[in-house]
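> starting from these lines, generate the structure:
(one chain, ligands or ions: 1)
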Amino acid sequence: MSARVIDRVIGEIDRAVDEIVAFACELVRIPTVNPPGEAYEPCARLIGNHLARRGFDIEYITAEGRPEHTSRYPRVNVVGARRGSTRGPVVHFNGHTDVVPAGDGWTVEPFGGLVRDGRIYGRGACDMKAGLAAAIFAAEALRRADVSLAGAIEISGTVDEESGGFAGVAWLAERGRIARGRTDYVIIPEPLNVDRICIGHRGVYWFELTLRGRIAHGSMPFLGVSAIDAMAHVVEMIRTGLQPALERRSTTMPVVPDAARHATINVNGLEGGQAIDGIQTPCVADRCRAVFDRRFLLEEGLDDVRREIEELVGRAVASLDGVTSEMRDLMIVHPVMTPDGSPLVDALDRAIRRVLGRPARLVASPGTYDHKHVARIAGIPHCVAYGPGELELAHQPDEWCGIDDLVHATKVMAAATLDLMGIVAG
Ligand SMILES: [Zn+2]
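Residues are numbered from 1 along each chain as shown. Prediction:
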């Protein structure tokens, strides 16, 4: 690839810094809060109108039929495509438009889009409206530099990533809009730090456990069987038996932080007996429910993960007279990992070396993100997360993204896109 062409593209990005920042701020000012899924349509329109002015063909794809798509909170996704001068690879940037609620503890207006001391502040500044702005201006810089490319660049803004992405990326993948054979490379500009490439995530197994005992008068608890006591026993067995075993299991995936390189389990919630806020009557709790979040490794299979839990619950219940149990799966996400030697990882690594002067670090995410839908539903192996902003700032009060980061990420995305698509004429 010609160094002269890259320098020209990078020059266009340097000239566009104010525009990039202004656009990221404009995105932050639309409060696309999820839940419930506020202002998705104006956000999709803002992105669509912007891309349309920059040579993209635009489609709005609404998740008609999904229960969360309502007239009050429509789930509107936008996809733009700009074709090159000849056939070639399709590079797709996908960013989610939703943000989590602002929460408490802010010292700036969460949806003000404030710029101060080289930072853009606001809910979604780093997760991940700066990433969307970076992708859009990476494509725009290629156009302004008048580079003729093979293939196509696509940019999508999708909804509901924070709540599972079913009306967003999963919806586009199920309808074949993002699909193997149609889409070659997917880059998700999540805030993973500007020199890191995220190649996947651990698996998720959420399940609900219900234990039943026998009701009796609370003054004579020995006549009943407490489901709360039984749940306490299960939780204790998890804490003293399962958890240490999980800590000894580690993955070869480069999950960050280090402590998440092991399998983990967390109790999301627990309820049993009478509602605390209601009127109390003296009763032994005959029912207790809890939801667990088990994160599993690429090296563990879901069947084994589930069997291990079932056996533990079975042992606990067998040791308690009069207790029965029931387990229900709530959510399953299998681990995903970009294959070794992926041309997408190589192209981003070269671009990071060029722009930042240091090699990329490969990481994997402790949680999940839309990669799962790209890999599992669309069947596209070459997918990574790469974008501006620091992971630790996501979902925090006073969330911000550094303008330096934003500009560097824009350059990296542009250079990687050039590399992947190939120059026809420049
Ligand atoms: Zn995100």
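> and the strands in the stretch 201-350 of the chain?
Using DSSP state E, counting those that start in this stretch, the strands of the stretch 201-350 of the chain run over 203-212, 264-272, 287-296, 324-333, 336-337.
> then the stretch 51-200 of the chain?
Assigned by DSSP E, counting those that start in this stretch, the stretch 51-200 of the chain shows strands spanning 57-62, 76-83, 86-96, 115-116, 119-121, 148-158, 185-188, 196-201.
> lowest average confidence, helix or strand, in this structure?
Lowest mean confidence among the helices and strands of the chain (mean pLDDT, DSSP states H and E): strand 423-425, at a mean of 78.
> quick one: buried residues of that one?
residue 423 (16 or more other C-beta atoms under 10 Å). (Each C-beta comes from the backbone N, C-alpha and C, glycine too.)
> partner strands of that strand, with direction?
Its sheet considered, strand 423-425 pairs with strand 148-158 (antiparallel) by DSSP bridges.
> okay, the partner strand in CSV with CA atoms only?
Coordinates of each C-alpha in strand 148-158 appear next as CSV, following Å, rounded to 0.1, in the frame of the first residue of the first chain:
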residue,chain,number,x,y,z
SER,A,148,-10.5,4.8,-5.3
LEU,A,149,-11.1,1.6,-3.5
ALA,A,150,-12.1,-2.0,-4.3
GLY,A,151,-15.1,-3.4,-2.4
ALA,A,152,-17.4,-1.4,-0.2
ILE,A,153,-17.5,0.3,3.2
GLU,A,154,-20.6,-0.1,5.3
ILE,A,155,-21.5,1.6,8.5
SER,A,156,-24.4,0.6,10.8
GLY,A,157,-25.9,2.2,13.9
THR,A,158,-27.9,-0.4,15.7
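> pull out the buried positions in it.
By neighbour count with 16+ other C-beta under 10 Å, strand 148-158 contains the buried residues 149, 150, 151, 152, 153, 154, 155, 156, 157, 158.
> contacts only, for the nearest residue to residue 225 once chain neighbours are set aside.
In space, and not counting its chain neighbours, residue 225 is closest to residue 213: 3.4 Å by C-beta to C-beta, 6 or more residues apart in numbering. Neighbouring residues of residue 213 by C-beta atoms under 8 Å, 6 or more residues apart in numbering: 224-227, 229-230, 284-288, 322-323.
> and if we set it to 10 Å?
By C-beta atoms under 10 Å, 6 or more residues apart in numbering, the residues touching residue 213 are 224-231, 272-273, 284-288, 320-324.
> do residue 10 as well
141, 145, 354, 355, 407, 410, 411, 414, 415 are the contacts of residue 10 under C-beta under 10 Å, 6+ apart.
> test for you: state the pLDDT assigned to it.
We note a pLDDT of 97 for residue 10 in this prediction.
> ok, and for the host helix or strand of it, which residues are buried?
Per DSSP states H and E, residue 10 falls inside helix 3-15. If you call a residue buried by 16+ other C-beta under 10 Å, then helix 3-15 has these buried ones: 5, 6, 8, 9, 10, 12, 13.
> quick one: contacts for the residue nearest to the last one when sequence neighbours are not counted?
Leaving out its chain neighbours, the residue that sits closest to residue 13 by C-beta to C-beta, 6+ apart is residue 141, at 4.7 Å. The contact partners of residue 141, taken as C-beta under 10 Å, 6+ apart, are 8-16, 20, 147, 410-411, 413-415, 417-418.
> and residue 72, by the same measure?
By C-beta under 10 Å, 6+ apart, the neighbours of residue 72 are 36, 37, 38.
> give me the buried subset of the residues you listed.
Buried among those by 16+ other C-beta under 10 Å: 37, 38.
> around the ion, which positions in the stretch 101-250 of the chain sit nearby?
Applying C-beta under 5 Å from the ion, we find that the stretch 101-250 of the chain lies next to the ion at 127, 128, 190.
> not counting sequence-adjacent ones, nearest residue to the first one?
Sequence neighbours aside, residue 394 is the residue nearest to residue 127 in space, at 3.8 Å (criterion: C-beta to C-beta, 6+ apart).
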